[in-house]
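Undergrad: Got a predicted model here, sequence first, then my questions.
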Amino acid sequence: MRVLVIEDDDEAASFLVKALKESGHAAEWAADGASGLEAARAGNFDVLIVDRMLPERDGLTVIRMLRSEGVETPALILSALGEVDDRVKGLKAGGDDYLTKPYAYVELLARVEALSRRSSPQEQVTRLMVGDLVLDRLSHRVTRGGEPIILQPREFRLLEYLMKHAGQVVTRTMLLENVWDYHFDPQTNVIDVHVSRLRSKIDKQFDKPLLHTVRGAGYVIRDAAT
Amino acid sequence: MTQRPSLRGLGASVATTVFGATFATTTAFLVVTAALFATLFHQANAILASEVLSALAVEVDGLRKIEAENGLAAVQQAIEARVRSPGPGLYFLASRDGGQRAGNLSQLPPGLRADQPLFSYEGAPPSGTRLAAGLMVKLTDGSLLVVGRDIDEQRTLAERLRLFALLGFGVVAIGGIGTGLLISRTVLGRVDGMTEAARAIMAGDLGQRLPRSGSDDELDRLAGSLNDMLSRIEMLMAGLKEVSDNIAHDLKTPLNRLRNRAEAALREAGSVEDLRRAHEQTIEAADEIIKTFNALLLIARLEAGAVEDTKQPVDLSEVVADVAELYAPVAEEAGIEMKLHLAPSPPVLANRQLIGQAVANLIDNAIKYGRRKPCGTSGERGDETAASVLMVEVAAQFDTVAIAVSDRGPGIAPEDRARALARFGRLEKSRNAPGTGLGLSLVAAVARLHGGDVVLEDNAPGLRVVLRLPTDTRR
């Protein structure tokens, strides 16, 4: 995956580029809005990471200009600003996700990887499969090894999101945002409890667990054989 | 304080606006009065003089007539008759050689001329020289006749009047200036008092208030308004101080913990694995600090009201149901039975995210602190779960929609309730509990932002928190 980091802070940028490379991605860096805009136009990137406060052209303007030129590369906005209305403004400008500084790298990586997947045509698939677990998005039915699994509506959406991002780490805040549509920080491990309930339904009676906890990051659903 | 005597000096009094105003008014008054008096005098004199002269002219005409009809001897007789009766009339009929033929004037008045009707004459003792007005005419036979009138009385009166007028001017002038000085000294005294109080306040004594005389005049009202303003400022300053104290405490404690841990790891870690664990702990601690910081920042932003344009009609029952569903498994694992009672309610103009967070905080608190028996108390364990009911309600009341979250925990003592809702407020007990401890503060801030409020009630036993939001869309 090719990532463009548009960030004016040297240290933050070099940390990001280095970390992304260590995670197996190609990363490039642009230090201001103008050069970022140019690089984003020219380069064939899978994801843009755009700092909101940039010299010359601010991050939102860069994204807005790219979108108006038809460049649809998914963009993650990084911002030191709070989230009440800034998030809304960021997404309105054409950003695809919004992360507030200071952030955990695992959170950023998970979101970037989720964004890169978004641009691929996976979205349209009506049947999601991980190992012998099958989720039918049309009939809302879930089976594992052919046996039906009864899920609550929310559990279904939780599993759907996890399976849509099969093989990718999904963080707790991503789940809260995408499954529940809330952006606040739940002080308790609410998401963990929901995931463990889902796990007990899809994994408990089977030898091979599919839903895994990634320490310090979140969850991933994958077929261990692959 | 040491400046008071010099401030109160005569020079300072004279240099005030009040004195200037009084002085100007008095001067203007005096000038106008003087002009008025002068005119009055002049007019009165003129009228008096012309009246006397015309009366004299009539008398002269009468005497001429007598001469024409009966001759000079008759004139002489008439004059002698008139002189005998007492009165202000003065007469002199000259003989052919210039001596006195008749009359009570001993000689022809020396200063008397046609254009100068005033003359002085020697009256009978003890009056001495007196003022008179007169006409001098030549009779048909050529002898001179002077008919005059004593006007010494009038002159004395006029002089006395002038004296009184001058005296009056003096009194008014001195009185005016004196009053000016007095008023300016009184006002100056009070203004000095205020200046002094203001200096003390500027020097840091926020408890000081401007002195009031109790007369409820304009200075008093000004002092009153300024005092009200000072009270408000003092309150805000106290609030600010408390807020910064709270923030300092909320951030310093975990920062200190983080630092201690890092130091301990550096000192004690024997293996790479130890270091790794310490590192992880450090990051966890940093995350906690970031959480607290974010909560503080969010509350500050909400208090500043900086999120106006994100409001939209929100069905509170829907939000509450969502959040309750989110927390249901946690409540269940904590052995708490969560009950929902969602009455239909009109939509509220609100920020859905913030309302969701507020409800989450309320439910989160109820789960954390709302159990029947707090940990540590032994016995009665069987009773614990049965009574741990968490009630979440939504109900429309008049023009508000109320979200109520009630638990069966220890509750909050009435005297602590205001503190729990205060800006950045947190109860001592919660400082060391997990979480930022700013949950209720945030709920209160969200309520204020939406024009609503939060009430803490006794659920007997337990705590009942009611978040009320207006359905009215006014801001």
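TA: Nice, thanks for sending it over.
Undergrad: CA atoms for contacts and neighbours, from now on please.
TA: Will do.
Undergrad: which bits of chain A sit near chain B?
TA: For chain A, the contact set with chain B under Cα under 8 Å from any Cα of the partner chain comprises A:82, A:84-85, A:102, A:180, A:182-191, A:193-194.
Undergrad: now, which of those lie within helices?
TA: Among these, the residues falling in helices (DSSP state H) are A:190, A:191, A:193, A:194.
Undergrad: which residues does residue B:114 contact?
TA: B:135, B:136 (Cα atoms under 8 Å, 6 or more residues apart in numbering or on different chains).
Undergrad: ok, it to chain A distance?
TA: For residue B:114, the distance to chain A equals 106 Å [Cα to the nearest Cα, to the nearest Å].
Undergrad: same check, this time on residue B:119
TA: Distance, residue B:119 to chain A, by Cα to the nearest Cα: 105 Å.
Undergrad: Could I get the buried residue list for the helix or strand hosting that residue?
TA: Secondary structure assignment for residue B:119, by DSSP states H and E: strand B:118-122. Neighbour counts over strand B:118-122 (16 or more other Cα atoms under 10 Å in any protein chain shown) mark B:118, B:119, B:120, B:121 as buried.
Undergrad: So which elements touch it?
TA: Packed against strand B:118-122 by the contact rule (3 or more Cα pairs under 8 Å, 6 or more residues apart in numbering or on different chains; DSSP states H and E) you find strand B:129-138.
Undergrad: can I get the ones in helices among the residues of chain A next to chain B in a markdown table with neighbour count, distance to residue A:134 and pLDDT?
TA: Shown next, in a markdown table, are those (neighbours: other Cα atoms under 10 Å in any protein chain shown; distance: Cα to Cα, whole Å; pLDDT from 0 to 100):
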| residue | neighbour count | distance to residue A:134 | pLDDT |
| --- | --- | --- | --- |
| A:190 | 18 | 26 | 91 |
| A:191 | 21 | 22 | 93 |
| A:193 | 19 | 23 | 92 |
| A:194 | 20 | 20 | 94 |
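Undergrad: Can you tell me which of these is nearest residue A:58?
TA: residue A:191 (34.5 Å; Cα to Cα).
Undergrad: Verify the contact between the closest one and residue A:171 for me.
TA: No - counting by Cα atoms under 8 Å, residue A:191 sits too far from residue A:171 to count as a contact (9.6 Å).
Undergrad: ok, and the most centrally placed residue in chain B, which helix or strand is that part of?
TA: Nearest to the geometric centre of chain B sits residue B:222, at 2.2 Å (Cα atoms, centre = their mean). Assigned by DSSP H and E, residue B:222 belongs to helix B:218-268.
Undergrad: nearest residue to residue A:214 other than its sequence neighbours?
TA: Computed as Cα to Cα, 6 or more residues apart in numbering or on different chains, the closest residue to residue A:214 that is not its neighbour in sequence is residue A:220, at 6.9 Å.
Undergrad: Show the contacting residues for the one you found.
TA: Contact partners of residue A:220, counting by Cα under 8 Å, 6+ apart, are A:162, A:166, A:167, A:168, A:169, A:170, A:211, A:212, A:213, A:214.
Undergrad: and it, what pLDDT?
TA: At residue A:220, the model reports a pLDDT of 94.
Undergrad: how about low-confidence regions in the chain?
TA: With no chain named, the answer covers chain A. Within chain A, the stretches with pLDDT under 70 are A:82-84, A:117-124, A:225-226.
Undergrad: Chain B, not that one
TA: For chain B, the ranges with pLDDT under 70 are B:1-15, B:306-309, B:372-387, B:423-436, B:472-475.
Undergrad: still on that earlier bit, would you mind measuring from the residue nearest to residue A:214 to chain B?
TA: Shown here: residue A:220 relative to chain B, a distance of 20 Å by Cα to the nearest Cα.
Undergrad: May I have the phi/psi pair for that residue?
TA: phi -150, psi 140 (degrees, to the nearest 10).
Undergrad: Please save the CA atoms from stretch A:149-163 in PDB.
TA: Once non-C-alpha atoms are left out, stretch A:149-163 reads as follows in PDB (Å, rounded to 0.1, in the frame of the first residue of the first chain):
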ATOM      1  CA  ILE A 149     -25.900 -18.800  14.200                       C
ATOM      2  CA  ILE A 150     -28.600 -16.500  15.700                       C
ATOM      3  CA  LEU A 151     -27.300 -13.000  16.200                       C
ATOM      4  CA  GLN A 152     -28.900  -9.800  17.600                       C
ATOM      5  CA  PRO A 153     -29.200  -7.000  15.000                       C
ATOM      6  CA  ARG A 154     -26.200  -5.100  16.500                       C
ATOM      7  CA  GLU A 155     -24.200  -8.300  16.700                       C
ATOM      8  CA  PHE A 156     -24.900  -8.800  13.100                       C
ATOM      9  CA  ARG A 157     -23.600  -5.400  12.200                       C
ATOM     10  CA  LEU A 158     -20.500  -5.900  14.400                       C
ATOM     11  CA  LEU A 159     -19.700  -9.100  12.700                       C
ATOM     12  CA  GLU A 160     -20.400  -7.600   9.300                       C
ATOM     13  CA  TYR A 161     -17.900  -4.800  10.000                       C
ATOM     14  CA  LEU A 162     -15.300  -7.200  11.200                       C
ATOM     15  CA  MET A 163     -15.700  -9.500   8.200                       C
END
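Undergrad: And for stretch B:458-475, what's in contact with it?
TA: Taking contacts as Cα under 8 Å, 6+ apart, the residues outside stretch B:458-475 that touch it are B:346-349, B:362, B:370, B:372, B:399-412, B:443, B:447, B:450-457.
Undergrad: how does it look with 7 Å?
TA: With contact meaning Cα atoms under 7 Å, 6 or more residues apart in numbering or on different chains, stretch B:458-475 is reached by B:346-349, B:370, B:399-412, B:447, B:450-457.
Undergrad: out of these, which are buried?
TA: Buried by 16+ other Cα under 10 Å: B:346-349, B:370, B:400-412, B:447, B:450-454, B:456-457, out of the contacts of stretch B:458-475.
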